[in-house]
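1. Here's a sequence, model it:
(chains A and B)
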Amino acid sequence: MAYSDKVIDHYSNPKNVGTLDKASNTVGTGLVGAPECGDVMRLQIQVDNATGIITDAKFKTFGCGSAIASSSLATEWLKGKSVDEAVKIDNMDLVEELNLPPVKIHCSVLAEDAIKAAINDYRSKNGLEQLVFEERIH
Amino acid sequence: MLKLPIYLDHNSTTPMDPRVLEAMIPYFTENFGNAASRNHSFGWHAEEAVDYAREQIAQLIGADPKEIIFTSGATEGNNLGIKGVYEMYASKGNHIITCTTEHKAVLDTCKHLEKLGAEVTYLEVQPDGLIDLKALEAAMRPTTILVAIMYANNEIGVIQPVKEISAIAKKHGALYFSDAVQAVGKIPVDVIADGIDIMSFTAHKMYGPKGVGALYVRRKNPRVKVTAQIDGGGHERGMRSGTLNVPGIVGFGKAAEIARLDMAGDTERISKLRDKLENALKVIDETYVNGNPAHRLPHVSNISFKYVEGEGLMMGFNKDIALSSGSACTSASLEPSYVLKALGLGDDLAHSSLRFGLGRYTTEEQIDYTIKAVTDTVLKLREMSPLWEMFKEGIDIDAIQWAHH
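-> Next up is the predicted model:
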């Protein structure tokens, strides 16, 4: 299976690899996947509490090239969005942008889950209720 | 001069040796006869060529030429060997012993026979990939007709204790079948000394053409017969019908002859390169060599690079280096290698493995390039790996409640 140019580009030059202070209440952390499944993504957002805008996003991913590309692209899309807008990022948008083949769709699902988990972590740190997302079949 | 791309997937298939191709060419066009045509020179030429190849192949494994049954490859050989014995010896029993790290062509054949009434014992392997001879002994029953244990494993390269296995089978009156596709042509295989009754192998793993293989079927002490699985003209002593693939067989014969003559030199050179590669990669933290290092094919190394995923790792250099991973990121099941799991490796280590399979044309420059490319990519991906960061922080990754998909 050949990778799309966009996947190769994100894999070769990943954007926003790194770590934010997970103890800070302006940072939300989402850790999803499992080593046994061959994919673990950690996605973090830094939120400006006054404006609700995501000012920074970082990721680290254990997984295949498509998983790395999905999380790299997700961090790019997150920066500058409000938390409310970020919730709306759909995995199929990642699939389309990266040209992921059907066997790699789960990578994009994982990235979407990581975004939502990071947002919920941020919300819980700031006394906001957890958003409930539809259970999806992976 | 460094030659790119680098092919390090020789357990999957090998390039054909130019000497093999040269031997084959006349048998496509000039000498195109059917080896079963008994009444004209075209048939005679073809038969003569097949007989010569049969001798070349028999010599490689210490067999009599009459004991070589040509097949389309090792998958067919495994099917014919196992199903053929099951049918032929049905009156003696219905129990087969095999092991969990066999190739799918053996495992799925056994599963098929279970549906038809066979009882199959799947022996577990030890953490080094070898079977436990005591467990084999304990599994033997009066109804055991066949022990089917591979000669050498395709993923980790470990060589099973074939002589001891055949002795146990013989003691209990069972036949010993060996899938020797990875071993023949790479290490000395002698069906007499090894006590093998039936053995499948194939040309394309030893620098011969694809689409041609052989099943060794012992003719004395004991005389073994297998029931044909393909009916027709009664070729190959009635065990495998079908017009012989004469050019393929000629190529197979030539490949066997080259393997026999060049084996010692090839092994010495290739195992040195393998050791160089392995020792250099073992320097990286948290890398693990899979399989028993002392009982292993000279050209294989299977290494897990913990905290990086195999497919992601390969992507770092797969433009230039071809190899395989135990990761199964693209398979629908997302299940990693069942062979590595059978060794007791966690799924995470199985997902993190690469198989390096060196070959006749692998050069030292290519190995040096590979060492650098793999090392650089592992280090780069670990900087990107949340698991590596946790490991460095002393977090017990196994204690985390992961959400399983």
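2. Next up, phi/psi of the residue in the stretch 151-300 of chain B that chain A sits nearest to, please.
-> Across the stretch 151-300 of chain B, the shortest distance to chain A (C-beta to the nearest C-beta) belongs to B:E286, at 12.9 Å. The way it works is simple: take the backbone N, C-alpha and C, and place the C-beta from them, glycine included. Here is the backbone geometry of B:E286 (degrees, to the nearest 10): phi 50, psi 50.
3. which ones are touching the one residue in the stretch 1-150 of chain B that gets nearest to chain A?
-> Residue nearest to chain A within the stretch 1-150 of chain B: B:P5 (14.3 Å; C-beta to the nearest C-beta). If you count contacts by C-beta atoms under 8 Å, 6 or more residues apart in numbering or on different chains, B:P5 has them with B:K319, B:D320, B:I321, B:A322.
4. could you redo the last one with a cut-off of 6 Å?
-> B:D320 (C-beta atoms under 6 Å, 6 or more residues apart in numbering or on different chains).
5. isn't the residue of the stretch 151-300 of chain B closest to chain A right up against B:S304?
-> No: contact criterion C-beta atoms under 6 Å: B:E286 and B:S304 do not qualify, at 8.7 Å.
6. okay, these two: which has more neighbours?
-> Taking other C-beta atoms under 10 Å in any protein chain shown, B:E286 and B:S304 do not tie; B:S304 has more neighbours (23 against 15).
7. bridging residues for the more buried one?
-> For B:S304, the beta-bridge partners are B:Y288, B:S353 (DSSP bridges).
8. Read off the pLDDT value for it.
-> Note on B:S304: pLDDT of 96.
9. Now the helix or strand encompassing B:L136: buried residues?
-> For B:L136, the host element (DSSP states H and E) is helix B:133-139. By neighbour count on 16 or more other C-beta atoms under 10 Å in any protein chain shown, the buried set for helix B:133-139 is B:L136, B:A139.
10. can you check stretch A:82-94 too?
-> So for stretch A:82-94, counting by 16+ other C-beta under 10 Å, buried means A:V83, A:A86, A:I89, A:N91, A:L94.
11. Also stretch B:80-92?
-> Neighbour count says stretch B:80-92 has B:L80, B:G81, B:I82, B:K83, B:G84, B:V85, B:Y86, B:M88, B:Y89, B:K92 buried, by 16+ other C-beta under 10 Å.
12. do the same with stretch B:384-403
-> Quick answer for stretch B:384-403 (16+ other C-beta under 10 Å): B:M384, B:S385, B:P386, B:L387, B:W388, B:E389, B:M390, B:F391, B:I397.
13. Figure out the length between the terminal residues of that stretch.
-> For stretch B:384-403, the first-to-last residue distance is 21 Å (C-alpha to C-alpha, to the nearest Å).
14. hmm, who's touching the helix or strand containing B:V120?
-> Assigned by DSSP H and E, B:V120 belongs to strand B:119-123. Applying C-beta under 6 Å, 6+ apart, the contact partners of strand B:119-123 are B:N94, B:H95, B:I96, B:I97, B:T98, B:C99, B:T100, B:C110, B:E114, B:I131, B:A135, B:A139.
15. That one pairs with which strands, parallel or anti?
-> Strand B:119-123 sits in its sheet next to strand B:95-99 (parallel), going by DSSP bridges.
16. Can I get the helix or strand just after the partner strand as PDB, trimmed to CA atoms?
-> Once the chain leaves strand B:95-99, the next helix or strand it forms, by DSSP H and E, is helix B:104-115. In PDB, the C-alpha atoms belonging to helix B:104-115 read as follows (Å, rounded to 0.1, in the frame of the first residue of the first chain):
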ATOM      1  CA  LYS B 104      -0.600 -20.900   7.800                       C
ATOM      2  CA  ALA B 105      -0.300 -23.500   5.000                       C
ATOM      3  CA  VAL B 106       0.300 -26.100   7.800                       C
ATOM      4  CA  LEU B 107      -2.000 -24.600  10.400                       C
ATOM      5  CA  ASP B 108      -5.000 -24.100   8.100                       C
ATOM      6  CA  THR B 109      -4.500 -27.500   6.500                       C
ATOM      7  CA  CYS B 110      -4.700 -29.000  10.000                       C
ATOM      8  CA  LYS B 111      -7.800 -27.000  10.800                       C
ATOM      9  CA  HIS B 112      -9.400 -28.200   7.600                       C
ATOM     10  CA  LEU B 113      -8.600 -31.800   8.600                       C
ATOM     11  CA  GLU B 114     -10.200 -31.200  12.000                       C
ATOM     12  CA  LYS B 115     -13.500 -30.500  10.300                       C
END
